[in-house]
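A.B. asks: only the shape, not the letters, is given here:
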């Protein structure tokens, strides 16, 4: 009987100590919400296709330019790039512009000390295809990505030259020198005039530039950039402004 009473007292003591350890602070426990990760607008590996309009202006006045033969031109183009590890990509681009060329025709009569020149306007499609390398830096959790680029390739459709010939004043028999132009008609030839123009020529082209892309969605972006293009000599160089849409896959 005594042992039973002692066991009961022991159980009561343990129970009281256990309940005494349970407290209530009076404050509710708050759960800390983990913020969702910010959206990434640019993928580490993605394929881009751009469609854009372009405006070209020559580095010199049309009278001195040797390829576009105009002060400016409008057109459009397309490019495709694949970006590796988010920051750099390789690709290819092509564009075509409508150049309203000014071609000068001359008539010089040496014996009569008379000269005359006139301009004929003609529209000519000029285009280019280039391989490109692009370096971009998408800002973390941002729609914005500045970029720089460079490339090289070929340009075609321009570079026409006037063909000037000397004639005898009486029988109009032409004499043609190297390149279609004779600087000294010689005895008996006193009329120099333009009889046509050469065909277009294809030349090499180099390009450097930079711009900005703004992603409207993770797969569609607006692009705007400027580049300077080098075409076989300082009198053929031109600037190019582009703007359009970029599609990322």
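C.D. replies: It's in. On a predicted model such as this, the values are computed, not experimentally measured, just so you know.
A.B. asks: buried set for the helix or strand harbouring residue 90?
C.D. replies: Taking DSSP states H and E as the criterion, the element that holds residue 90 is strand 88-109. Going by neighbour count (16 or more other Cβ atoms under 10 Å), the buried part of strand 88-109 is 89, 91, 93, 95-97, 99-103, 105, 108. No exception for glycine: its C-beta is placed from N, CA and C like everyone else's.
A.B. asks: could you pull out the helices in this protein for me?
C.D. replies: With DSSP state H as the criterion, the chain has helices at 2-20.
A.B. asks: for it, which spans come out with low pLDDT?
C.D. replies: For the chain, residues meeting the criterion pLDDT under 70 lie at 1-30, 169-189.
A.B. asks: ok, residue 226 - contacts?
C.D. replies: Residue 226 sits next to 209, 210, 211, 239, 240, 241, 242 when contact means Cβ atoms under 8 Å, 6 or more residues apart in numbering.
A.B. asks: show me which of the residues you listed are buried.
C.D. replies: The neighbour count (16+ other Cβ under 10 Å) marks 209, 211, 240, 241, 242 as buried among those.
A.B. asks: neighbours of residue 47, how many?
C.D. replies: Residue 47: 14 surrounding residues under other Cβ atoms under 10 Å.
A.B. asks: setting aside sequence-adjacent positions, which residue approaches it most closely?
C.D. replies: Of all residues not flanking residue 47 in the chain, residue 249 sits nearest, at 4.7 Å (Cβ to Cβ, 6 or more residues apart in numbering).
A.B. asks: ok, and what's touching stretch 76-91?
C.D. replies: 42-54, 92-96, 131-138, 242, 244.
A.B. asks: ok so, going back, make JSON lines out of the buried residues of strand 88-109 and add distance to residue 157.
C.D. replies: Below are those laid out as JSON lines (distance: Cβ to Cβ, whole Å):
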{"residue": "89", "distance to residue 157": "28"}
{"residue": "91", "distance to residue 157": "22"}
{"residue": "93", "distance to residue 157": "16"}
{"residue": "95", "distance to residue 157": "11"}
{"residue": "96", "distance to residue 157": "8"}
{"residue": "97", "distance to residue 157": "9"}
{"residue": "99", "distance to residue 157": "8"}
{"residue": "100", "distance to residue 157": "13"}
{"residue": "101", "distance to residue 157": "10"}
{"residue": "102", "distance to residue 157": "16"}
{"residue": "103", "distance to residue 157": "14"}
{"residue": "105", "distance to residue 157": "21"}
{"residue": "108", "distance to residue 157": "30"}
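A.B. asks: quick one on the thing from earlier: nearest to residue 142, of the contacts of residue 226?
C.D. replies: Among those, residue 211 lies closest to residue 142 (Cβ to Cβ), at 16.0 Å.
A.B. asks: show me the beta-bridge partners of that closest one.
C.D. replies: Here residue 211 sits in beta bridges with residue 147, residue 225, going by DSSP bridges.
A.B. asks: contact partners for it?
C.D. replies: Applying Cβ under 8 Å, 6+ apart to residue 211 gives the contacts 146, 147, 149, 223, 224, 225, 226, 242.
A.B. asks: tell me the one of the contacts of residue 226 nearest residue 34?
C.D. replies: Using Cβ to Cβ, the contacts of residue 226 come closest to residue 34 at residue 211, 37.1 Å.
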